[in-house]
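Participant: Sequence and predicted model, in that order:
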Amino acid sequence: MAERAALEELVKLQGERVRGLKQQKASADLIEEEVGKLLKLKAQLGPDESKQKFVLKTPKGTRDYSPRQMAVREKVFDVIIRCFKRHGAEVIDTPVFELKETLMGKYGEDSKLIYDLKDQGGELLSLRYDLTVPFARYLAMNKLTNIKRYHIAKVYRRDNPAMTRGRYREFYQCDFDIAGNFDPMIPDAECLKIMCEILSSLQIGDFLVKVNDRRILDGMFAICGVSDSKFRTICSSVDKLDKVTTQAVLLQTPAQAGEEPLGVGSVAAGGRYDGLVGMFDPKGRKVPCVGLSIGVERIFSIVEQRLEALEEKVRTTETQVLVASAQKKLLEERLKLVSELWDAGIKAELLYKKNPKLLNQLQYCEEAGIPLVAIIGEQELKDGVIKLRSVTSREEVREAGRKTFNFYYGYFIDYYWQKWPDTTPFTYKALGA
Amino acid sequence: MPLLRLLPRRAWAALLSQLLRPPCASCAGAVRCQSQGTRDLSPQHMVVREKILDLVISCFKRHGAKVMDTPAFELKEILTEKYGEDSGLMYDLKDQGGELLSLRYDLTVPFARYLAMNKVKKMKRYHVGKVWRRESPTIVQGRYREFCQCDFDIAGQFDPMIPDAECLKIMCEILSGLQLGDFLIKVNDRRIVDGMFAVCGVPESKFRAICSSIDKLDKMAWKDVRHEMVAKKGLAPEVADRIGDYVQCHGGVSLVEQMFQDPRLSQNKQALEGLGDLKLLFEYLTLFGIAEKISFDLSLARGLDYYTGVIYEAVLLQTPTQAGEEPLNVGSVAAGGRYDGLVGMFDPKGHKVPCVGLSIGVERIFYIVEQRMKTKGEKVRTTETQVFVATPQKNFLQERLKLITELWDAGIKAEMLYKNNPKLLTQLHYCESTGIPLVVIIGEQELKEGVIKIRSVASREEVAIKRENLVAEIQKRLSES
């Protein structure tokens, strides 16, 4: 034990020595030598089984996306992006952090929810809180007067997370905005059209888009006798939205047999914000903007819960065929065949086993939802053919000459996929399993 | 400016730093530049990026990989577990009273954490995402502080070298598909490097230092590398010479055979293990049809900190030079290897999950492609709009709105100008500048006759189509082009 403690102390001292050398900007060779010593000491230390050094978790309010969750996410993004592109939008991306001063003063009371980066001797940085302020900064910086763009990326807020309700500290925003001076309300109407197209295509239930105008709200408060100092801004986004505001809500949480009704309200929001870009432009030049943001995290939750309730299995790979062998010592043939399939653009896999059992290979297909299996056997090799079987029915669907296998196979795959218009069978059900 | 030399040092420094800053649109006044080492991606950049990522991802999918994602930041202690010494290059989040966090430095540590956390024993996954490093950015070579990584890894205990071979097959498919020119994948093995050092007499304390010298062989001649090892790193000259006998060797599977027979190396158990694996690897690579792209190169000695077996690195053979084009030295475009010990570092009981994987250097690839496009003066479309809805007359906004809605509802990508009464010429000019191929025109004449005019922007040919046949006609034309 004492030996271990002594070693740990040595490691600590050596680590400090290395850090010191780096700070002093000592010669690279000297640093390397010392790092080498450190690594050797650490290797001697080995894994410490007496205590868990740290907790294995993601930071509070964040989560990994498992392959299953990614399949849902990709499907949802696909629908959204297709709609944005249909309306002629370009796409941009911005860095995950901005200069702290860019974000300061833009979010009112919510500014305390911004993640700051540690001051490590350079510029002061903060993680982006939304995609709108970076957009306004982008427009001002590049002196753009009009652009129609979408931006899908994660944003960061040190909020109180409610993960079951789809509220995280790291979450996706899908923004679409039209910047520029145009004839009134045409771009605004297109934004609403886009919101409706997306929410309809996602098929998450009936929805309604509420519309209002900040000037009506202000006017209403004024004639009702509410003094300026009394009314608070309800949320930071209302601050920016100076004219028309929109919010899409699900009318009825989609309840089906056995499904827990979700308390999901708003799934999209937006409006016009003519004053924001002017805050960034050195001459205060205004660029009027109108846009929308899709609340995808809530939509992910809804779709995930729906799939779970229906007990639908979701495919996490797109593999079309497994290359299998019926007997031992056929690894070479499997490697050759799978390589040919890959070179022909066919999505194929094989088990990383020299002599797998046929049953195990078929089971692998069933678990992964792979629809077809190409079986190589000694007899088939002699005859110069490959047997293609449907995994679900176990029936032989085609026997093709080895040389013409790929040629026929291409046609076969087309025919097979035509049954299900989705190019990626999303669920096993789609495969007729 | 005669007064310049009288400027105080601080002013000089400020002036110099302004000159050295990457150029950007006027940043005077309220709009400061972006943080150093990061950049926005304009629509032009994004189109190139998306095309390249599509190719990479479809290759990963073709090989049956699942996809996953992890948060941008991790608990600091998890990241420093592996990167102890390099943690000076991590972006830390400010201590705001909660957990201590840092932005992820790569996608491998999050993967190992994910496997250990979820007790996953087998997984074939890809992960495309941004990572952050506080290195001093060399923007000339396409190196930023925020950049994209594309990782593919196979975790699990399997029969030897099959997954390793598939990783190399994937690298070849991607690099061929990207059409960046001829490439080569250098292959070596951690155990061969260690064994080689041992039999040559390199003292263990100098392993790392000598590795980094050898790594320079792709840019420096052997005699210069030898000089560095002897004169600057204190290696005995005869040891350096022995190393030289090995590290200048590269070849195919015949070199593997040769090394098996090498009197010195064959005495080292580790090296023999490595050679055995490489031999098997070459067998599989031959079956995959890629053996001639692979070179067993004894000078490959990079990133050995956590690799435990085979290591590989892909380089472009000739940076594509054409008239007037600067040779682009971007280093390797992909790399990877086997790392069997990483997950065990995170698992509470130290359970190992062997892993092998690769990382595609997409930022470098973006840089090459963008430079090439710049030289050729190539431009890309930044939208996918197929049809533009236009009118030659005034007071036709309503008709345009109705017509475009029909197109959108039929899934056709369509645009119109946000003007009540745009001029026809302006509308046609918009199509030409954004690359929209078709225009549909509605005016008084067309309205009376119940038709719409379809016009090809390129050929200027126009034809009248009945309103009810419009969508079908457009779809037909689009599928033909």
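Facilitator: On my side now, so go ahead.
Participant: Can you point out the buried residues in the helix or strand residue A:342 falls within?
Facilitator: Assigned by DSSP states H and E, residue A:342 belongs to helix A:331-343. Residues of helix A:331-343 classed as buried by neighbour count (16 or more other CB atoms under 10 Å in any protein chain shown): A:331, A:333, A:334, A:335, A:337, A:338, A:339, A:340, A:341, A:342. Any C-beta I mention is one placed from the backbone N, CA and C, and that applies to glycine too.
Participant: and residue 184, how many residues sit next to it?
Facilitator: All of this is about chain A. Neighbour count for residue A:184, taken as other CB atoms under 10 Å in any protein chain shown: 10.
Participant: actually it's chain B I care about, not the one you picked
Facilitator: Number of residues near residue B:184 (other CB under 10 Å) recorded here: 17.
Participant: can you list contacts of whichever strand or helix holds it?
Facilitator: Assigned by DSSP H and E, residue B:184 belongs to strand B:183-189. With contact meaning CB atoms under 8 Å, 6 or more residues apart in numbering or on different chains, strand B:183-189 is reached by B:168, B:171-172, B:175-176, B:250, B:274-275, B:277-278, B:281, B:293-301, B:309-317, B:333-334.
Participant: Mind checking which of the residues you listed are in strands?
Facilitator: B:250, B:294-297, B:310-316, B:333-334 (DSSP state E).
Participant: Tabulate those (TSV), appending neighbour count and pLDDT.
Facilitator: Shown next, in TSV, are those (neighbours: other CB atoms under 10 Å in any protein chain shown; pLDDT from 0 to 100):
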residue	neighbour count	pLDDT
B:250	17	93
B:294	25	97
B:295	18	96
B:296	25	97
B:297	23	95
B:310	24	97
B:311	24	96
B:312	27	97
B:313	25	96
B:314	24	96
B:315	20	94
B:316	21	91
B:333	22	94
B:334	27	96
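Participant: what's the most distant pair in those?
Facilitator: Taking CB to CB, the two most distant members of those are B:310 and B:316; they sit 21.3 Å apart.
Participant: just to revisit the earlier point, ok, and of the buried residues of helix A:331-343, which contact chain B?
Facilitator: Taking CB under 8 Å from any CB of the partner chain as the test, chain B is in contact with A:331, A:335, A:339, A:342 out of the buried residues of helix A:331-343.
Participant: Columns pLDDT on top of those residues, output as TSV?
Facilitator: Output for these, formatted as TSV (pLDDT from 0 to 100):
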residue	pLDDT
A:331	97
A:335	97
A:339	95
A:342	94
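Participant: number of nearby residues for residue B:468?
Facilitator: By other CB under 10 Å, the residues close to residue B:468 number 10.
Participant: low-confidence ranges in chain B?
Facilitator: Within chain B, the stretches with pLDDT under 70 are B:1-33, B:83-87, B:137-142, B:303, B:318-330.
Participant: quick check: domain ranges of it?
Facilitator: Per the TED database, the domain ranges recorded for chain B read B:43-321+B:328-376, B:387-480.
Participant: Now tabulate these in JSON lines and tack on distance to residue A:119.
Facilitator: Converted to JSON lines, the domains of chain B look like this (distance: least, CB to CB, whole Å):
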{"stretch": "domain B:43-321+B:328-376", "distance to residue A:119": "7"}
{"stretch": "domain B:387-480", "distance to residue A:119": "44"}
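Participant: which one of these is the most hemmed in?
Facilitator: Most buried of these, by mean neighbour count (mean count of other CB atoms under 10 Å in any protein chain shown): domain B:43-321+B:328-376, with a mean of 19.
Participant: What is the subsequent helix or strand relative to the helix or strand harbouring residue B:367?
Facilitator: Under the criterion of DSSP H and E, residue B:367 resides in helix B:362-376. Following helix B:362-376 in sequence order, the next helix or strand is strand B:387-390 (DSSP H and E).
Participant: Beyond that following strand, next helix or strand please.
Facilitator: helix B:397-409.
Participant: Point out the other helices and strands that the helix or strand following that next one packs with.
Facilitator: Toward the C-terminus, helix B:397-409 is succeeded by strand B:414-415 as the next helix or strand (DSSP H and E). Under the contact definition 3 or more CB pairs under 8 Å, 6 or more residues apart in numbering or on different chains; DSSP states H and E, strand B:414-415 sits against strand B:387-390, helix B:397-409.
Participant: Looking at these, spot the one closest to chain A.
Facilitator: Closest to chain A of the helices and strands packed on strand B:414-415 is helix B:397-409 (CB to the nearest CB; 5.9 Å).
Participant: what about the closest one and chain A, touching?
Facilitator: Yes. Using CB under 8 Å from any CB, helix B:397-409 reaches chain A at B:397, B:401, B:405, B:408.
Participant: hmm, who's touching that helix?
Facilitator: By CB under 8 Å, 6+ apart, helix B:397-409 touches A:86-87, A:186, A:189, A:193, A:197, B:387, B:389-391, B:414-416, B:420-421, B:440, B:442, B:447, B:452, B:470-471, B:474.
Participant: now do 6 Å
Facilitator: The contact list for helix B:397-409 (CB atoms under 6 Å, 6 or more residues apart in numbering or on different chains) reads A:86, B:387, B:389, B:391, B:414, B:416, B:420, B:442.
Participant: for stretch B:60-71, same thing?
Facilitator: Applying CB under 6 Å, 6+ apart, the contact partners of stretch B:60-71 are A:58, A:62, A:64-65, A:67, A:70, A:170, A:316-319, A:342, A:347, A:349, B:110, B:124-127, B:152, B:170.
Participant: for residue A:289, what are its contacts?
Facilitator: If you count contacts by CB under 6 Å, 6+ apart, then residue A:289 has A:177, A:179, A:273 around it.
Participant: Please verify my assumption that the last one contacts residue A:244.
Facilitator: Which is residue A:273. No. Applying CB atoms under 6 Å, one finds residue A:273 not in contact with residue A:244, separated by 9.8 Å.
Participant: Which one of these two is surrounded by more residues?
Facilitator: residue A:273 (24 against 20).
Participant: Show me what residue B:129 bridges to in the sheet.
Facilitator: Note on residue B:129: beta-bridge partners residue B:149, judged by DSSP bridges.
Participant: nope, residue B:388 is what I meant
Facilitator: Bridge pairing for residue B:388 - DSSP bridges - gives residue B:415, residue B:439.
Participant: contacting residues for it?
Facilitator: Taking CB under 6 Å, 6+ apart as the contact definition, residue B:388 lies against B:415, B:431, B:436, B:439.
Participant: What's the local residue count around the nearest residue to residue A:135 once chain neighbours are set aside?
Facilitator: Nearest residue to residue A:135, sequence neighbours excluded (CB to CB, 6 or more residues apart in numbering or on different chains): residue A:177, at 6.1 Å. Number of residues near residue A:177 (other CB under 10 Å) recorded here: 24.
Participant: Does residue A:177 touch residue A:291 like I think?
Facilitator: Yes. Counting by CB under 6 Å, residue A:177 touches residue A:291, with 3.2 Å between them.
Participant: Return the set of buried residues in stretch A:312-328.
Facilitator: For stretch A:312-328, a neighbour-count test (16+ other CB under 10 Å) marks A:314, A:315, A:316, A:317, A:318, A:319, A:320, A:321, A:322, A:323, A:324, A:325 as buried.
Participant: Residue B:452 belongs to a helix?
Facilitator: No. Using DSSP: H, G, I helix; E, B strand; the rest coil, the assignment for residue B:452 is strand, not a helix.
Participant: and the angle for whatever helix or strand residue A:364 lives in with helix A:331-343?
Facilitator: Element membership for residue A:364 (DSSP H and E) is helix A:358-368. Angle, helix A:358-368 to helix A:331-343, by axes from the mean of the first three to the mean of the last three CA atoms, to 10 degrees: 30 degrees.
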